[in-house]
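Colleague: Turn this into a model:
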Amino acid sequence: MKKLLAAMLTAVMLLSVCAFAGAENAKVLRFGQMDAKVGYDPQTNTNSGATTTEDCVVEPLYYWNDQNELIPLLAEDFPTISEDGLVYTIKLREGVKFTDGTDLTTDDVKFTFERMFKPETLAKSTSMYNMILGAKEMLSGEATELAGFEAVDDYTFKFTLVSPFSCFHKNLGIIYSAIFPREACEAAGADWGVKTLIGTGPYILKSSDATGNVLVKNTNYWGGDPHFDEIDIIFYDNNNTKLMAFENGDIDLCDMTSDLFMQYQGTEVEELCHHFSKLGTYFFVTNNSETFRGEKNPLADVRVREAMSLAIDRDLLCEVIQNGLAVPATGMINQFQLGFTAREPYEHNLEKAKALLAEAGYPDGCTITATIRKQDEADTVQIQSDLAQVGIKLNIEIVDAAVWSSERAAGNVQCLLQGWFPLYADADNNIYTFFHSDYSPAKSCFYSNPEFDALMDAARLSTDDAERQKLYEQADEILSRQDYGSIPLYYPYGVFAAQPYVKNFTVGNLIYHVAYDIDYDMDIYNAQK
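Modeller: Okay, the predicted model is just below:
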């Protein structure tokens, strides 16, 4: 096997040399991934796979780099914030052009945010920006302009919020708020993000089809000369095919699933694999409603939820099912997020679990149903086995992703397994948007605790991260250690595979940023010719 892989890796280098030397010595990066199949309008999709392409073409005002640092991008500097925390004044960089040759101005920012809040856009991430004055009125169709946007001049504007929100400027660093050119976007209509995508980014979307996307260098990029002449994002039908392509030298970089990583341990390919934290948490979502489908819901009792937590063997999930690419969770907030605090591991105690079930009125156990996607089957089957040891029968329904999403949003799921990942390392970005009582019904969770809500609300108002850290610590203690509002399982790690000449590439969360820091080490590259 090792000899075969060595031969394959030699072939990798030869093929790469040929690719690199072709196209008039164009410097090309080839990135392999599954086809997201959702289009490339970041207002209407939240798919991390689509973001790989979007991130090369369009840019927001600020940018979260792969060190999880917020830096100004289209904005000249961080905003000036009024004393009451309601008004954010932002100045654009002057001289920035979209790739259609038009200038970036305040009018494009106004257009972008008003488009986001138009009901017909069906934008998916409005909750991250609907604290702007007038946003909710636009979403409901009561207004056609955004009251909280003021154009000061061609390069200066103000956002006015309904109430202070300490993470507002952080949310402006997410691709969902990328700035579009008014004229081009309006002209494209329904083709925006499908056939047309124009931005200020370092690359231009040259072509897109079922085989992948071709991105070419923006030679007039305001941020300097991009590292590559071309980026080819190549689609693969399954992960095995993608990894074979990596071995064969058809691609320079790709992600890797935990099961495939296990398969390649001890081989030359493992030496080309790199780990990163996904920032989020995998957890067992429990529907906390008193009734479910007209019957008494065992999960409404905190003692049942705690018994489930006691029954689950998190070490086994991490080491065996996740192949070592996870560590047991000790709360809902990930170890690399603002708000995390070190706690003792969750106890694994079957006898205590049985006693709690009996105390809750289920001495012979109970039956619950998990509605899951295929991707979560292995974890759920193991949890099913764990729960059976204390008398809880877990039925498993496997549905496709579309059904899963719609049923979850409708509150029709009794329990499920999922990961919830922030786009930056702050608990507001995932914990608030899942467990606050304003949002939990749409996640089939129905968790509601006024004390938890008050702590999360207070953290939104504070601009002192030390204070926010304490607030989040208290909130997580209530959520995951007192109420067991859902059951944290593990903090997952991701893996990507990169050829030896690929340098400066890291991943900060789930998003593969291939447009900025990544480059080739030409000494290594040339040595392998």
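Colleague: if you go through the stretch 351-500 of the chain in chain order, where are the helices?
Modeller: 377-388, 401-409, 431-435, 450-461, 465-477 (DSSP state H, counting those that start in this stretch).
Colleague: quick one: average confidence on the longest one?
Modeller: Confidence over helix 465-477 (mean pLDDT, whole number) is 97.
Colleague: okay, the angle between that helix and helix 450-461?
Modeller: Using axes from the mean of the first three to the mean of the last three C-alpha atoms, to 10 degrees, the interaxial angle of helix 465-477 with respect to helix 450-461 works out to 160 degrees.
Colleague: can you list the weak-confidence ranges in the stretch 251-400 of the chain?
Modeller: Per-residue confidence of the stretch 251-400 of the chain (counting by pLDDT under 70) places no residue in a weak region.
Colleague: Make TSV out of the helices of the stretch 351-500 of the chain and add mean neighbour count.
Modeller: To be clear about C-beta, it is placed using only N, CA and C from the backbone, and glycine gets the same treatment. TSV is the format used below for the helices of the stretch 351-500 of the chain (neighbours: other C-beta atoms under 10 Å):
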stretch	mean neighbour count
helix 377-388	18
helix 401-409	14
helix 431-435	24
helix 450-461	18
helix 465-477	19
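Colleague: do you know which of these lies nearest residue 73?
Modeller: helix 465-477 (21.8 Å; C-beta to C-beta).
Colleague: Relative to the whole chain's centre, how far out is that closest one?
Modeller: Going by C-alpha atoms, centre = their mean, to the nearest Å, the spacing between the C-alpha centre of helix 465-477 and its chain's C-alpha centre is 22 Å.
Colleague: Kindly report the same for stretch 437-453.
Modeller: 21 Å.
Colleague: Over to stretch 176-183?
Modeller: Here stretch 176-183 is found 20 Å from its chain centre; the criterion is C-alpha atoms, centre = their mean.
Colleague: contact partners of that stretch?
Modeller: The list of residues contacting stretch 176-183 from outside it, by C-beta atoms under 8 Å, 6 or more residues apart in numbering, reads 42-43, 46, 54, 58-61, 74, 98, 100, 102, 104, 107-109, 111-113, 115-116, 123-125, 128-129, 171, 192, 198-200.
Colleague: Got a quick ChimeraX command for the buried subset of those?
Modeller: Here is the ChimeraX command that selects only those of these that count as buried (16 or more other C-beta atoms under 10 Å):
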select :42,43,46,54,58,59,60,61,74,98,104,108,109,111,112,113,115,116,123,124,125,128,129,171,192,198,199,200
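Colleague: Mind checking which of the contacts of stretch 176-183 land in helices?
Modeller: Secondary structure assignment by DSSP state H places 54, 107, 108, 109, 111, 112, 113, 115, 116, 171 of the contacts of stretch 176-183 in helices.
Colleague: who touches the first one in this structure?
Modeller: What that stands for is residue 54. Taking C-beta under 8 Å, 6+ apart, we find residue 54 in contact with 40, 42, 175, 178, 197.
Colleague: Please apply the same query to the fifth one.
Modeller: Taking C-beta under 8 Å, 6+ apart, we find residue 111 in contact with 180, 182, 185, 186.
Colleague: can you give me how far the host helix or strand of the third one is from the chain middle?
Modeller: What that stands for is residue 185. Element membership of residue 185, judged by DSSP states H and E, is helix 182-188. Its chain's average C-alpha position is 28 Å from that of helix 182-188, according to C-alpha atoms, centre = their mean.
Colleague: now do stretch 504-515
Modeller: Counting by C-alpha atoms, centre = their mean, stretch 504-515 comes out at 12 Å from the chain centroid.
Colleague: List the buried residues in it.
Modeller: 505, 507, 508, 509, 510, 511, 512, 513, 514, 515.
Colleague: Which pLDDT value does the model give the nearest residue to the first one once chain neighbours are set aside?
Modeller: In other words, residue 505. Leaving out its chain neighbours, the residue that sits closest to residue 505 by C-beta to C-beta, 6 or more residues apart in numbering is residue 518, at 4.4 Å. At residue 518, the predicted lDDT confidence score is 95.
Colleague: Is there a neighbour count for residue 518? I'd like the number.
Modeller: Counted with other C-beta atoms under 10 Å, the burial measure for residue 518 works out to 22 neighbours.
Colleague: Appreciated, that's everything.
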